[in-house]
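> turn this into a model:
(chains A and B)
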Number of protein chains: 2
Amino acid sequence: MDNTATNLTQLGQLAQAAETQLAQLSATQRNDALVQMAAALVNHQDIILDANKRDLANATDLKQSFVDRLTLTADRIEAMAEGMRQVAQLPDPIGKVDRMWKNEAGLMIGQQRVPLGVIGIIFEARPNVTADASALCFKSGNAVILRGGKEAIQTNIAVSGVLRAALNEISLDENAIQLVHDTSHETANEMMALTDYLDVLIPRGGQGLIQHVVQNATVPVIETGAGNCHIYVDEFAELKMATDITVNAKVQRPSVCNSAEKLLIHEAVAADYLPTIAKSLQDQGVQLRGDARAQALVPGMIAATDDDWDEEYNDLIMAVKVVDSEDEAIAHINAHNTKHSEAIITDNYQNGQNFLQRIDAACVYINASTRFTDGFEFGFGAEIGISTQKLHARGPMGLNELTSTKYIIYGDGQVRK
Amino acid sequence: MDNTATNLTQLGQLAQAAETQLAQLSATQRNDALVQMAAALVNHQDIILDANKRDLANATDLKQSFVDRLTLTADRIEAMAEGMRQVAQLPDPIGKVDRMWKNEAGLMIGQQRVPLGVIGIIFEARPNVTADASALCFKSGNAVILRGGKEAIQTNIAVSGVLRAALNEISLDENAIQLVHDTSHETANEMMALTDYLDVLIPRGGQGLIQHVVQNATVPVIETGAGNCHIYVDEFAELKMATDITVNAKVQRPSVCNSAEKLLIHEAVAADYLPTIAKSLQDQGVQLRGDARAQALVPGMIAATDDDWDEEYNDLIMAVKVVDSEDEAIAHINAHNTKHSEAIITDNYQNGQNFLQRIDAACVYINASTRFTDGFEFGFGAEIGISTQKLHARGPMGLNELTSTKYIIYGDGQVRK
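Numbering: from 1, shown residues only, chains lettered A, B, ... in the order given. Sure, this is the predicted structure:
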């Protein structure tokens, strides 16, 4: 179906050549191509489902949840296509001049949004990422090199092949979207050092994958998705609201990075309130682990160990700590969080402002669930991940975070004195 | 004079602790501290000059230009101090909310400027960088870990010691500014992998240093300062302007990264104009190296080799190429440039717009000298370097580029549906 490059240097060269074309396409051309690619996914779903069956046949000794994520159906392929169509309809992130001014010498200096260039995505065995990441990169004018998990390789080859063929059919460079067919660790490590061709590398997956990439890549990385979010119930909290928010943040979708893993409660309200909220959480199937003071207030609560304060459970587990003051809560959070999302529940103005100011995290909330840290909830219309680093992008990353800038400068003969 | 940490992990921990304090200081507190540090440099210049003499005594087999940069005098120390005072007077980059909106759920979401955190600076034997980088990092609320060249170690210890003592005297945490005393390559490499403590690493120096850091660091790096800038004289150029700009871009300060290294000339004007501009450049002592067509037009011009097109001379040398079209000029530039600064000289509207749109570089000029790519000339009031990468910051980096953001979110009980 396609002419696939066989080594990373060649992939990189082809991606850069494709990027030169892609960066010059109009928004309409890019959006039309996305709609064509979406149609191709649906039209060629037999190829994709066949390939997926082969992956599933090899997946005999994998966990059921893993197999679920790997499995495609006609409905899931339609959902991938619909995702691409939605991305086509989002505002164009490219070309906008964020600011323009005249300098002392009379130059007009404008800072314009441009694509990042070539983006590498390293991800686990979730075939939907292939379509999803391709759509977001293409929309923002970036070429993409995808490297997915080996368990989904046949599916990924089929999906990327269909997308590439669709580009080819409308006379666009298919190498704007490329898949690394060799799923060995050696090739993944080589990709992490491909500084001549990759402008950025975004790992998508669990903590093991992300930390491996951060520790090994020399290509600039955007670190995403590590969560250990806290809810701090202040002494001046409205307690009904505290319960609603904590239960939502913990149980609405415990497997994701913006769910709450830790509950801190001011000692002034702990005695009366902790048993109540503990019951609400336990009623939802949450296992609670407490420090000594929390344990004393909730009979049968098991003990939290030192490791608990740093752990991301991604499960119906929550550790609980009683604190003497907001200062202690803030110090504890800044010492143990992953800089993702933190919330205070309070009706005290100064305590809320203080929390916003002093907590070091991508998203800091007063009186709301940490589950809102999400590109769609923020109103970006899309999300490639949630950055927990401080360089380039922090928090939910939409299309705008997949762009860079360049300065365009209009002179009339100026020379430097 | 100070309590200096002895290993990088300890330096990192102390820097993070200092950063927690520093991030909470008001702009006035940070500016007052900068003024105090500037005064300390002047008041303790004897300590600094003594240390500098010891470095110079060891510098017996170094090049004169290197020794010049290493040498401090009372005037140069006053210049360092004045630089710190000027940074104190710049607008504060911290705390500003760039945008704020209400999402569907009614959350008020604001994106606020915050410090990056802990910045590592690896630099060569230029003692002024110690004061300069400390001032910019401190002003932007960042702790800094400095690692300078071994030839300047005594001077750097003295300068950083004076700055730290000044912070200590006004009861601020001296560990906001730290110097790595061990100048071994092993320690530098260890610093490049200090991902638990450094939020970003900025190398400042020659290409050897920068490429070593880019190839080895797992800490996020901002790549700065590689230049191979082009001037393209279009067939519709005003030729007097082309000469003024090219001479300025080449000779005004040939040792820096925004000076022009390459001259491309459209063949329609080459025969008449190349001899004229060649003479203007040669009169300024510039050695010209040409492709075959350029050589044919300028008797005695030496031949450019393939390597010339990729080389940054940082010297009074310029390679010249005759091109058939603007397309050829753009393709040549995009293939050989370092993505720094490129200029077209033209009076044709469409050719100018086309060049701005299609050249991939941090700064693209119509009818102006590439020498304007500079934080001061852009009006930023300061510069930590010129980024040639696309992630985080691109082009001249002022105080704003030393910041990150966080989302501050005001709710009234929202939970995710």
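
> ok, residue A:315 - contacts?
Each residue near residue A:315 by C-beta atoms under 8 Å, 6 or more residues apart in numbering or on different chains is listed here: A:254-255. C-beta coordinates here come from the backbone N, C-alpha and C atoms, glycine included.

> that one - that's part of a strand, no?
No. Applying DSSP: H, G, I helix; E, B strand; the rest coil, one finds residue A:315 to be coil, outside a strand.

> I'd say residue A:220 and residue B:391 touch.
Yes. Counting by C-beta atoms under 8 Å, residue A:220 does reach residue B:391; the two are 4.6 Å apart.

> who touches both of those two?
A:199-200, A:391-392, B:220.

> I'd like to know if stretch A:72-87 reaches chain B anywhere along the stretch.
No. Contact of stretch A:72-87 with chain B (C-beta under 8 Å from any C-beta of the partner chain) is absent, the minimum separation being 15.8 Å.

> for the longest strand along chain A, buried residues please.
With secondary structure taken from DSSP state E, chain A has its longest strand at strand A:403-414. Applying a neighbour-count criterion of 16 or more other C-beta atoms under 10 Å in any protein chain shown, one finds A:403-411, A:414 buried in strand A:403-414.

> out of the shared contacts of residue A:220 and residue B:391, which is nearest to residue A:126?
residue A:200 (20.1 Å; C-beta to C-beta).

> poorly predicted segments of the stretch 151-300 of chain A, please.
Residue ranges of the stretch 151-300 of chain A with pLDDT under 70: none are present.

> which residue ranges of it form strands?
For the stretch 151-300 of chain A, strands defined by DSSP state E, counting those that start in this stretch occupy the ranges A:177-179, A:200-204, A:229-233, A:260-266, A:287-290.

> ok, the second one near chain B or not?
Yes. Contact of strand A:200-204 with chain B is found when judged by C-beta under 8 Å from any C-beta, involving residue A:200.

> which residues sit against that strand?
Outside strand A:200-204, the residues within contact range by C-beta under 8 Å, 6+ apart are A:116-117, A:119-124, A:126, A:129, A:133, A:191-192, A:209-210, A:212-214, A:217, A:219-225, A:384-385, A:392, B:390-391.

> what angle do that strand and strand A:403-414 make?
160 degrees (axes from the mean of the first three to the mean of the last three C-alpha atoms, to 10 degrees).

> dump strand A:200-204 to PDB, keeping only the CA atoms.
Coordinates of each C-alpha in strand A:200-204 appear next as PDB, following Å, rounded to 0.1, in the frame of the first residue of the first chain:
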ATOM      1  CA  VAL A 200      10.000  17.300  19.800                       C
ATOM      2  CA  LEU A 201       9.100  13.900  21.200                       C
ATOM      3  CA  ILE A 202       5.800  13.300  23.100                       C
ATOM      4  CA  PRO A 203       5.500  10.100  25.000                       C
ATOM      5  CA  ARG A 204       1.900   8.900  25.600                       C
END
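
> and residue A:3, what pLDDT?
On pLDDT, residue A:3 comes in at 45.

> name the nearest of the buried residues of strand A:403-414 relative to chain B.
residue A:411 (2.8 Å; C-beta to the nearest C-beta).

> the closest one: what's it in contact with?
The contact partners of residue A:411, by C-beta under 8 Å, 6+ apart, come to A:105-108, B:365-368, B:372.

> go on, residue A:112?
Here residue A:112 is in contact with A:95-98, A:405-408 (C-beta under 8 Å, 6+ apart).

> redo that, cut-off 10 Å
With contact set as C-beta atoms under 10 Å, 6 or more residues apart in numbering or on different chains, residue A:112 has these partners: A:94-100, A:403-408, B:356-357, B:364.

> what do you get for residue A:183?
A:125, A:147-153, A:156.

> for residue A:263, which non-adjacent residue is spatially closest?
residue A:320 (4.7 Å; C-beta to C-beta, 6 or more residues apart in numbering or on different chains).

> for residue A:87, see how far away that neighbour is.
Separation of residue A:320 from residue A:87 (C-beta to C-beta, to the nearest Å): 41 Å.

> among the contacts of residue A:411, which two are most distant?
Largest separation among the contacts of residue A:411 by C-beta to C-beta: A:105 and B:366, giving 13.8 Å.

> more neighbours: which of those two?
For residue A:105 and residue B:366, the more surrounded residue by other C-beta atoms under 10 Å in any protein chain shown is residue B:366, and the numbers stand at 23 against 16.

> can you name the next helix or strand after the helix or strand containing the more buried one?
Element membership for residue B:366 (DSSP states H and E) is strand B:363-368. Later in the chain than strand B:363-368, the nearest helix or strand by DSSP H and E is helix B:375-378.

> quick revisit: out of the contacts of residue A:411, who's the most crowded?
residue B:365 leads the contacts of residue A:411 on contacts (other C-beta under 10 Å) with 32 neighbours.

> flag every residue of the stretch 51-200 of chain A that's near chain B.
A:95, A:101-112, A:114-118, A:142, A:192-193, A:195, A:199-200 (C-beta under 10 Å from any C-beta of the partner chain).
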